[in-house]
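1. got a sequence here, can you build the structure:
(chains A and B)
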Amino acid sequence: MSKKIFDPNIVAFTCNWCSYGGADLAGISRIQYPTSAKVIRLMCSGRVDPVMVLEAFKNGADGVIVSGCHIGDCHYSTGNYRTQVRFQALQTALESIGMDPQRLRLLWASASEGQQWAEAITEMTEQIKKLGPSPISGRGKK
Amino acid sequence: MGSGESPKVGVFVCHCGHNIAGTVNVEHVAELASEFPNVELSTHFMFMCSDSGQALIREKIEELGLNRVVVASCSPRMHEPTFRKVVEEAGLNRYCFEQVNLREHVSWCHMKEPEAATQKARDLVRMSVARASLLEPLEVKTVSVEPHALVVGGGVSGLRAALDIGDRGFRATLVERTGNLGGNLAKLSTLYPNNEPAKDVVDRMSLAAEASENVTILLNSEVTNFDGHIGNFEVTVKNNVTEEESEMKVGTVIVATGFDPFEPIGYYGYGDSPDIITLSALEEMKRDGTVLRPSTAQPPKNVAFISCVGSREEGVKGHEHCSRYCCTAMAKVAAELREEADEVLMLYDDIRTFGKGHEDVHRRARQEHVIFSKYNKKKKPAVKINDSGIMLKWNDVLSGENCEFRPDMLVLANAMVPPEGADEVAKIFSLTRSADGFFNEEHIKLAPLTTHTAGIMIAGAAQSAKSATDSTTQASGAAAKAVSLIARGEVEIESTVASVIDELCSACHTCVTACPYGATSIEATKGVEVARVTEAKCHGCGTCAAGCPSGAIVMRHSTDDQISSMIAALLSSAFVHGGGEK
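-> Model (predicted):
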């Protein structure tokens, strides 16, 4: 088999108002970052059911980002408080099944933070490249 | 189209001229998409949003009986409304449309990796095709618009907006936090470019507003509670003096909360000498009489100005913007001071007298022999204060000379910054902020007066630093937006709300505590307790659905199945097309 560089597949759940806008701004500003993250646009990061995150990992995602407005800036006032609580529970759950919690990231990015969005994706991609493919995907084995 | 009908998806990939096609192989993406499940047609076109692009979509819907449409083009934050309208014109429900962002999220941010960008584009289209296959048509709801506008902020922008709405014969309530109308403008002496006293302008507008039977002015008041949706907002206004609260219904809101003059602590010796003042303080001094040197109460003989204080500072959060008023304001007042003072010096970074009539103001300052010197941005002017007064040293960029000047008064042209309380205003009206802290418009060119919260407009310095001229222009525009909404009488609202599957609900109250709007409650139906959603209160965030342990809440247009289908479509492609194999 040809030697292929590991190219992580990251599922990025973003809210419509802040983070999706931030990702748009990164593009508008022509900030370059890896192609690893594929955005699923939701209205609020509070829409991210922990089950969906687990589903992404179960299906072989190498990483998952949940991204929303900064605390206090939520378009739906308090939706992202829920996100934060759920995120903490998820990290604990991942750890307990032996999955590196670095594969899951919570990112607060406003619509003006295109740079932060691009940096976060770049950072996480590098991090996951070091961790290697998800142990669940079965792609890590030769 | 019934929801039971099997999906026939049309995929339309846009080149956006060279914007997408310059990086992404759009022909290839369209070709691959034709093999995705349920895809009846997959094609590409130069500009999908153009008249001919829109006609193509309508034509194919009718010709092939497509019942779901995926357009892979730019951000849905820009053109989702456009394409929803297109599919509607061809007889489809607007919620049967799905957009893929191949421009902002792919071609523009992966310009150097055309191959990887094309693969990502393919993945995103596959995800959206999967979601589109599960989209359900939803009823489009219309609500009546309360013929009453709320204007927040009684500065020049708020006054202009309220007056325009009143003139058109609709009711406007103007809420002002302080006890006076006119905002920052009321603190100025005369206004450029035509030297009109600021007081005259403020008085003329305030008197007209007070006289208007359609305009209600609430001073010393703040909005403390805000609920509802476009057409029907419920507002609570509190009078901070009497502590009384009043409630009202409005159909639309204009936020005109203006700016604060920047207090330049830490800049050029500000605060270390009474003779170092801001341009705003100088203006107030002029308004109240003559300009006197604070330490001696004598007219100043040598005055220096420094431009861009707290403005245009790269890398300093909240201070990167040009404040857009100071160059002209400084030139105006410098020329005026020259009538009495021996020397007036203007240290500038750049001179930007860009507005109508502004260049005349600049020219007049030159004619009055105001000394202009461009300072070195990397080595800013140094201010030393000792017993003999203020010593100013700087490098004049154009001559390369190191210069010195002993002003008896130093004036700092301070920036416009978002006002105190902007955080609260943003929270109350769900507004987003730009990097400099001002409120974001929906789109800088396509929708510059509306915000991402439907029914809420912004005007004046609340949106970005600007002069009174630009503020009133924008305020009239925002008022026109508000009036057109009220005059229409009714408006369509999003149908993307939550609903409950009674059989699955265990009345655990999770959704009740999760909802930020109190839209969910537990009610007894036929003796059994189940969750209920009050649709008028639901904003569609989906926080309840994500929390429901029984999967009893269906978040319309963002269902669990629709989201899961995207995850599966992405990750199954990883197995098929590689990425990770060694």
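2. for stretch B:238-252, which outside residues touch it?
-> For stretch B:238-252, contacts defined as C-beta atoms under 8 Å, 6 or more residues apart in numbering or on different chains pick out B:145-150, B:173, B:177, B:179, B:218, B:220-224, B:228, B:230-237, B:455-457, B:481-482, B:485-486. For every residue, glycine as well, the C-beta is placed using N, CA and C.
3. pull out the buried residues from those.
-> Neighbour-count burial (16 or more other C-beta atoms under 10 Å in any protein chain shown) applied to these gives B:145-150, B:173, B:177, B:218, B:221-223, B:228, B:230-233, B:235, B:237, B:455-457, B:481-482, B:485-486.
4. where along the stretch 351-500 of chain B do the strands fall?
-> All strands of the stretch 351-500 of chain B, identified by DSSP state E, counting those that start in this stretch, fall at B:371-374, B:382-386, B:389-395, B:402-405, B:409-414, B:416-417, B:456-458, B:490-493, B:498-500.
5. among these, which comes closest to A:S45?
-> Closest to A:S45 of the strands of the stretch 351-500 of chain B is strand B:498-500 (C-beta to C-beta; 16.3 Å).
6. render the CA-only coordinates of the very next helix or strand once past that closest one in CSV, please.
-> Tracing the chain past strand B:498-500, the next element assigned as helix or strand by DSSP states H and E is helix B:510-514. Coordinates of each C-alpha in helix B:510-514 appear next as CSV, following Å, rounded to 0.1, in the frame of the first residue of the first chain:
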residue,chain,number,x,y,z
THR,B,510,-34.7,18.5,31.7
CYS,B,511,-36.0,20.6,28.8
VAL,B,512,-37.7,23.0,31.2
THR,B,513,-34.5,23.9,32.9
ALA,B,514,-32.5,23.9,29.6
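7. in helix B:510-514, what's buried?
-> For helix B:510-514, by 16+ other C-beta under 10 Å, it's B:510-512, B:514.
8. any idea of the mean pLDDT in that helix?
-> Averaging pLDDT along helix B:510-514 yields 94.
9. the helix or strand following that helix packs against which elements?
-> Once the chain leaves helix B:510-514, the next helix or strand it forms, by DSSP H and E, is strand B:520-525. Judged by 3 or more C-beta pairs under 8 Å, 6 or more residues apart in numbering or on different chains; DSSP states H and E, the packing partners of strand B:520-525 are helix B:510-514, strand B:528-533.
10. what is the mean pLDDT for strand B:520-525?
-> Taken as a whole, strand B:520-525 has a mean pLDDT of 90.
11. what does stretch B:59-78 give?
-> The average pLDDT for stretch B:59-78 rounds to 97.
12. report the buried residues of it.
-> Neighbour-count burial for stretch B:59-78, counted by 16+ other C-beta under 10 Å, picks out B:60-61, B:66-78.
13. now for the helices and strands packed on strand B:520-525, which one comes closest to chain A?
-> helix B:510-514 (5.9 Å; C-beta to the nearest C-beta).
14. check the offset of stretch B:558-565 from the chain's centre.
-> Its chain's C-alpha centre lies 30 Å from the corresponding centre of stretch B:558-565 when counted by C-alpha atoms, centre = their mean, to the nearest Å.
15. show me the contact partners of it.
-> Contact with stretch B:558-565 is made by A:40, A:42-43, A:47, A:49, A:51-52, A:55, B:127, B:130-131, B:133-136, B:496, B:540, B:542, B:545, B:551, as judged by C-beta under 8 Å, 6+ apart.
16. ok, now stretch B:266-277?
-> Counting by C-beta under 8 Å, 6+ apart, B:264-265, B:278, B:285, B:293-295, B:300, B:306, B:309-310, B:380-381, B:383-385, B:389-390, B:407-412 sit against stretch B:266-277.
17. please redo it, this time with the cut-off set to 10 Å
-> Identification of contacts with stretch B:266-277 by C-beta atoms under 10 Å, 6 or more residues apart in numbering or on different chains yields B:263-265, B:278, B:284-285, B:291, B:293-296, B:300, B:303-304, B:306, B:309-310, B:347, B:380-386, B:389-392, B:407-412, B:414.
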